[in-house]
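Asker: Okay, structure incoming, though there's no sequence with it:
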């Protein structure tokens, strides 16, 4: 009896086998078996193994039947206690009736105390029964959720392992699908790259042909232009030379009379001295009649009529002066540093000097007489204010 009273609902729940749960509907391959034919699932490595079943527990017993059996046992125990209390009360009453009534108050107190203890045990039994029922229900639901989560975890783990194995083997559908998509994208990009290469090649070829034609055309145009410019320049020089020749013929010193070369024989010692011929007059040294300047200018205008008018060159156009690479190019000659030259000016005579230095826009010359320096600008050489002459050719 005492062992039956101290049996708790938690111990009964631990002695019961785990409830058999059904797989999800999408994983059911065959109809579920009846409860009495279902096998208990294998023990999970994450959960502790259930305790061994007691001898009085049935393998097919469900949690609800265990709870009902527990309640029945509690009721039977409480009834037995009540029966014992009733027997004790009856014995106490019989003893009081047989006695002379001297210990009646003590017996009544004992009866009241026994009733009070019985009521307290009944209340405690009811409270324990309610707590045990609530604890058993919560434990049952918690165990069910844990088992469902464990089964779902195992199923997902096995599914992921299978997918990983298929992925290593190359037979996974998702892998093959993405591989086909990547292959298609690669082929599309290669095709676009080939088309772009072909287009760029055609554009480069067209640009090359166009630039080549433009270069050939420009070369021909430049060649014709150069030829025409050279011809025009030569014609211009030819006209200038003809004009200068004609001017020299017209304005040349034609009045000079060259002396007549006569041979004189040596006089013999015995010959008399010849007398001069008085009948011959010596020829004049020059013509007595000369044309006036106005008449000469009129004749020149008549001769030059019909020809293009050409302005006379100024001194700045007659002399060319520039500096290239530290050398002075002047009047078709090149002068360098420390070269002896003659410097001529409009108001001074010829000065012997040496080129001291050549700048970017001026030339310094040093006199050989007193070693003084004179700065000559290119503009002065171009205008003819100063004239340089090579000392060796002057």
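Answerer: That came in fine, so what should we check first? These numbers come from a predicted model, not from an experiment.

Asker: Am I right that residue 210 is in a helix?
Answerer: Yes: under DSSP: H, G, I helix; E, B strand; the rest coil, residue 210 sits within a helix.

Asker: Could you report the neighbour count for it?
Answerer: Residue 210: 10 surrounding residues under other Cβ atoms under 10 Å. Heads up, the C-betas are built off the backbone N, CA and C, glycines and all.

Asker: likewise residue 346?
Answerer: Using other Cβ under 10 Å: residue 346 sits among 8 other residues.

Asker: now do residue 304
Answerer: Applying other Cβ under 10 Å, we find 15 other residues in the vicinity of residue 304.

Asker: Ramachandran angles for it?
Answerer: phi -90, psi 0 (degrees, to the nearest 10).

Asker: Check the gap between it and residue 248 for me.
Answerer: 14 Å (Cβ to Cβ, to the nearest Å).

Asker: Need the three-state assignment for residue 381.
Answerer: Residue 381 is classified as helix under three-state DSSP.

Asker: ok, it - how many residues close by?
Answerer: Neighbours of residue 381 (other Cβ under 10 Å): 22.

Asker: isn't it right up against residue 330?
Answerer: Yes: applying Cβ atoms under 8 Å as the test, residue 381 and residue 330 come out as touching, 5.9 Å apart.

Asker: Give the residues shared as contacts by those two.
Answerer: 319, 321, 388 (Cβ atoms under 8 Å, 6 or more residues apart in numbering).

Asker: State the distance from residue 361 to residue 381.
Answerer: The value you get for residue 361 to residue 381, if Cβ to Cβ is used, is 11 Å.

Asker: what bits of the stretch 251-394 of the chain have low per-residue confidence?
Answerer: Within the stretch 251-394 of the chain, the segments meeting pLDDT under 70 span 251-292, 306-318, 347, 392-394.

Asker: how long is stretch 340-350 from one end to the other?
Answerer: 13 Å (Cα to Cα, to the nearest Å).

Asker: which residues touch that stretch?
Answerer: 335, 351-355, 365, 368, 374, 376, 384-392, 394.

Asker: Give me the buried positions along it.
Answerer: Neighbour-count burial for stretch 340-350 flags 341, 342, 343, 344 (criterion: 16 or more other Cβ atoms under 10 Å).

Asker: Now tell me what touches the strand ranked longest in the chain from outside.
Answerer: Assignment by DSSP state E gives strand 351-358 as the longest strand of the chain. The contact list for strand 351-358 (Cβ under 8 Å, 6+ apart) reads 323, 326-328, 335-345, 363-369, 373-374, 391.

Asker: Give me the sheet partners of it and which way each runs.
Answerer: Paired strands of strand 351-358, with direction, are strand 340-345 (antiparallel), strand 362-367 (antiparallel) (DSSP bridges).

Asker: How about that strand, which residues are buried there?
Answerer: Per 16+ other Cβ under 10 Å, strand 351-358 contains these buried residues: 351, 353, 354, 355, 356, 358.

Asker: try stretch 69-78
Answerer: Those would be 70, 74, 77, 78, for stretch 69-78 by 16+ other Cβ under 10 Å.

Asker: sorry, back to before: would you reformat the buried residues of strand 351-358 as JSON lines and include distance to residue 121?
Answerer: JSON lines is the format used below for the buried residues of strand 351-358 (distance: Cβ to Cβ, whole Å):
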{"residue": "351", "distance to residue 121": "154"}
{"residue": "353", "distance to residue 121": "150"}
{"residue": "354", "distance to residue 121": "147"}
{"residue": "355", "distance to residue 121": "143"}
{"residue": "356", "distance to residue 121": "142"}
{"residue": "358", "distance to residue 121": "137"}
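
Asker: which among the residues you listed gets closest to residue 146?
Answerer: Closest approach between those and residue 146, by Cβ to Cβ: residue 358, at 106.9 Å.
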